[in-house]
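Engineer: this one's structure only:
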């Protein structure tokens, strides 16, 4: 789809062209890093829903800078995943795969040779229909798919950064994420258009994934305390 004239007048669109970024979304991740210092001490990274590759570009640049400052530390490794094919990027391993499949997680882990990632990022979004309830629901399902694969590939103490659409179910989404992360923060980068309903959630330090229901319920507040984190179904006969 071609860029509209509105996009071409956008300052971040022009800056992306001038600075060699594949998309204006690169500035969102750069600004999140300014706010949260996402890349300090990071060596292994995963970019989910990576196409066209602007967030992978930011990862590659930041991790190369980290290694240049501390060349005695391990070489950076970045794995980018998308259903679509993506033009190659120096220093980025690309997987054309489905993030809802365990085989994709296994392939990512295989590239890390048994190690886990320090950070997982996801700027994925569905094709917007204009029906806000539908768009918010589909985006939430995409985020949960990214979270699911993150539980397989992210090390304890790592960071997960993902795009969300703000809506009436945001409190529920927070409660779901806080089952796995003690710190969940919502931020809207300056480069995100004012008309956009998207935010980013940087989440830190994933918990062990074997929480009992009683532990998980402690993380839920208000009306969301009625949500049952785990449900076992069986034959009633």
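Structural biologist: Perfect, I can see it now. Owing to the predicted nature of the structure, the values given are computational and were not obtained by experimental measurement.

Engineer: contacts only, for residue 47.
Structural biologist: Residue 47 sits next to 55, 56, 59, 78, 79, 80, 81, 92, 120, 121, 122 when contact means C-beta atoms under 8 Å, 6 or more residues apart in numbering. C-betas here are computed from N, CA, C, even on glycine.

Engineer: out of the residues you listed, which sit inside strands?
Structural biologist: Under the assignment DSSP state E, those contribute 78, 79, 80, 81, 92, 120, 121, 122 to strands.

Engineer: rewinding a little: mind putting the contacts of residue 47 in JSON lines, neighbour count included?
Structural biologist: Formatted as JSON lines, these follow (neighbours: other C-beta atoms under 10 Å):
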{"residue": "55", "neighbour count": "27"}
{"residue": "56", "neighbour count": "30"}
{"residue": "59", "neighbour count": "28"}
{"residue": "78", "neighbour count": "26"}
{"residue": "79", "neighbour count": "25"}
{"residue": "80", "neighbour count": "26"}
{"residue": "81", "neighbour count": "29"}
{"residue": "92", "neighbour count": "21"}
{"residue": "120", "neighbour count": "30"}
{"residue": "121", "neighbour count": "29"}
{"residue": "122", "neighbour count": "26"}
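
Engineer: closest one of those to residue 69?
Structural biologist: Closest approach between those and residue 69, by C-beta to C-beta: residue 59, at 16.0 Å.

Engineer: pull up the gap between that closest one and residue 140, please.
Structural biologist: Per C-beta to C-beta, to the nearest Å, residue 59 is found 25 Å from residue 140.

Engineer: same question for residue 10.
Structural biologist: From residue 10 to residue 140 the distance is 27 Å (C-beta to C-beta).

Engineer: now residue 105
Structural biologist: 20 Å.

Engineer: and residue 163, which of the three is it?
Structural biologist: Following DSSP: H, G, I helix; E, B strand; the rest coil, the label given to residue 163 is strand.

Engineer: for the residue nearest to residue 85 when sequence neighbours are not counted, give me the pLDDT.
Structural biologist: The shortest distance from residue 85 to any non-neighbouring residue, by C-beta to C-beta, 6 or more residues apart in numbering, is to residue 96 (5.7 Å). On pLDDT, residue 96 comes in at 96.
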